[in-house]
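# A predicted structure for the sequence below; I have some questions about it.
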Amino acid sequence: MAHQRRGLAARRAGLGYTQESFADVVGVERSTVWRWESGVVVPLPEQCSRIRAVLGLMPSEFDELLREVTAERVSAPRQTSERRAASSWDDPDEVLLQLHELQDSNVGEGQVRLLEDQVQRIVADYEQCGPSELGPPTARLRRQVHQLLCGRQLLRTRYRLHRVAAQLAGLLGYMAVNTGRFRLASEYCAEALHLAIEIEDIGLQVWVWGTRSLGAYYQADFVRAHADAARGHALAPNSPQSIRLLANGEARALGQLGDRAGADAAIGHALALLDRYDVDPELTPCISFEPYGYARVAANAATAYVPLGDTPRVLHYTGDIDPAVEHADSDWSRALVRLDIATAVLRQQDADLEQALALGREALRVCADQPIRSVWQRANTLHGLTQRWANEPQVIEFTDQLRTWRDRPEVQAISGRTG
């Protein structure tokens, strides 16, 4: 029977203490307070004086509250029924107790703010630390939030916890894509989408669909990559979050599918949305929940035009963002831009082998310690194009460097061999 020592619980609640805050003052765990109030145990002798002092009780008053559970247990069922039948009104102390129970929460405001700050720290540190370093602690944080969600919270607190849980699952989905763990990425994204739908956060739902599209893209399932991006875009066609879906999702997938008109339209729509909103034009972190700025859109536009063989467009967009990329705190962005340019100049009619391979070697060098799946994929694509000149010294040198790079444990971990 819950809260059998109702007088003790009501006294605690009447003084403004939750079970958690009372436990802190007395110096015990919250579960211990629950056991006292539910009649499971009595406080130890050394705890009684502290409890009496906090509750402002005389020893005789405190003893009476402790005996309450015994009185309830020995009361005859008929007497209890008769008392209940005498009145249909609630006991005032019980109403007060229930009010405080409704206001009780296993998570305080400070803890929720800390969790939200940790999400932002993960985003800020991602491009320096990478998914291999940040993935495990982020997964532990996600599990902690799930444990908290099993408790009791006010509605507004529960909403914020759901949002943190959705963001953590989304970030882990993104990291899993970048380490080649595609099945795990799919499950993380499914969880993030479910939580975002629960709290009706459309922007976060759009973001998750963009990450699902990214996963399909790096599995070379370009039809699904386009479909996932289009599905997310349809949720909020004119929102800032759709900029990412248009450039990173639809345009790049359509480029791989050879749909020049579709890629042009998607990039044009993304640029039009950029003009509508006041978005930071610099190179925002790739994993950020913020909308894409021009530098990110242009980088993705360049990638979309690489498989279409439109080298002038690739050079136009990469040239536009060169200062932003070089000043950004992102080795991945520098490597990916170099690999896009290298691939584009090899695909043009007057292929520049020397320039392409110099860029390819530089990309491998800057991403030696923190590789991600997209660098791995584009480096291999570039290597495949060089086989027309397999006997050239520059190609042999690049092939040897790529082989050494692939053999690094950090690269093997994102090559897809880990599932």
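Arrived safely.

# from here on, just use CA atoms for contacts and neighbour counts.
OK.

# which helix runs longest in the chain?
Longest helix in the chain by number of residues (criterion: DSSP state H): helix 109-149.

# which parts of the helix or strand that comes right after that helix are buried?
Following helix 109-149 in sequence order, the next helix or strand is helix 155-178 (DSSP states H and E). For helix 155-178, burial by neighbour count (16 or more other C-alpha atoms under 10 Å) applies to 157-178.

# can you give me the angle helix 155-178 makes with helix 109-149?
Here helix 155-178 runs at 70 degrees with respect to helix 109-149, directions being taken by axes from the mean of the first three to the mean of the last three C-alpha atoms, to 10 degrees.

# that older thread, against which helices or strands is the longest helix of the chain packed?
Helix 109-149 sits against helix 155-178, with contacts defined as 3 or more C-alpha pairs under 8 Å, 6 or more residues apart in numbering; DSSP states H and E.

# can you do 10 Å?
With contacts defined as 3 or more C-alpha pairs under 10 Å, 6 or more residues apart in numbering; DSSP states H and E, the packing partners of helix 109-149 are helix 155-178, helix 331-347.

# residue ranges with poor pLDDT in the protein?
1-3, 69-87, 416-419 (pLDDT under 70).

# contacts only, for V123.
134, 171, 285-289 (C-alpha atoms under 10 Å, 6 or more residues apart in numbering).

# separation between it and A169?
Using C-alpha to C-alpha, to the nearest Å, one gets 13 Å for the distance from V123 to A169.

# save the helices and strands packed on helix 109-149 as TSV, and put in distance to A265 too.
TSV is the format used below for the helices and strands packed on helix 109-149 (distance: least, C-alpha to C-alpha, whole Å):
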stretch	distance to A265
helix 155-178	26
helix 331-347	21
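
# now R252: closest residue in space that isn't a chain neighbour?
In this structure, R252 finds its nearest non-sequential neighbour in A304, 4.2 Å apart by C-alpha to C-alpha, 6 or more residues apart in numbering.

# just V25 next, same as before
In space, V25 is closest to V54, 7.8 Å off (C-alpha to C-alpha, 6+ apart).

# tell me how many other residues crowd the one you found.
A count of nearby residues for V54, using other C-alpha atoms under 10 Å, gives 14.

# what comes up buried for whichever helix or strand it is part of?
Secondary structure assigned from DSSP H and E places V54 in helix 45-55. Residues 48-49, 51-52, 55 are the ones in helix 45-55 that count as buried (16+ other C-alpha under 10 Å).

# ok, stretch 228-245 next?
228-233, 237, 239-245.

# gap between it and the chain center?
Offset of stretch 228-245 from its chain centre (C-alpha atoms, centre = their mean, to the nearest Å): 18 Å.

# endpoints of it, how far apart?
Note: stretch 228-245 ends 9 Å apart using C-alpha to C-alpha.

# okay, stretch 314-329 in PDB with CA atoms only?
Output of stretch 314-329 as PDB, limited to C-alpha atoms (Å, rounded to 0.1, in the frame of the first residue of the first chain):
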ATOM      1  CA  VAL A 314      31.900  22.400 -59.200                       C
ATOM      2  CA  LEU A 315      34.800  24.900 -59.400                       C
ATOM      3  CA  HIS A 316      32.300  27.800 -59.200                       C
ATOM      4  CA  TYR A 317      30.800  26.600 -55.900                       C
ATOM      5  CA  THR A 318      34.000  25.400 -54.300                       C
ATOM      6  CA  GLY A 319      35.700  28.700 -55.300                       C
ATOM      7  CA  ASP A 320      32.900  30.600 -53.600                       C
ATOM      8  CA  ILE A 321      33.400  28.800 -50.300                       C
ATOM      9  CA  ASP A 322      37.200  28.400 -50.300                       C
ATOM     10  CA  PRO A 323      37.900  31.100 -47.700                       C
ATOM     11  CA  ALA A 324      35.100  29.800 -45.400                       C
ATOM     12  CA  VAL A 325      36.400  26.200 -45.700                       C
ATOM     13  CA  GLU A 326      40.000  27.100 -45.100                       C
ATOM     14  CA  HIS A 327      39.100  29.200 -42.000                       C
ATOM     15  CA  ALA A 328      36.600  26.600 -40.600                       C
ATOM     16  CA  ASP A 329      37.500  24.300 -37.800                       C
END
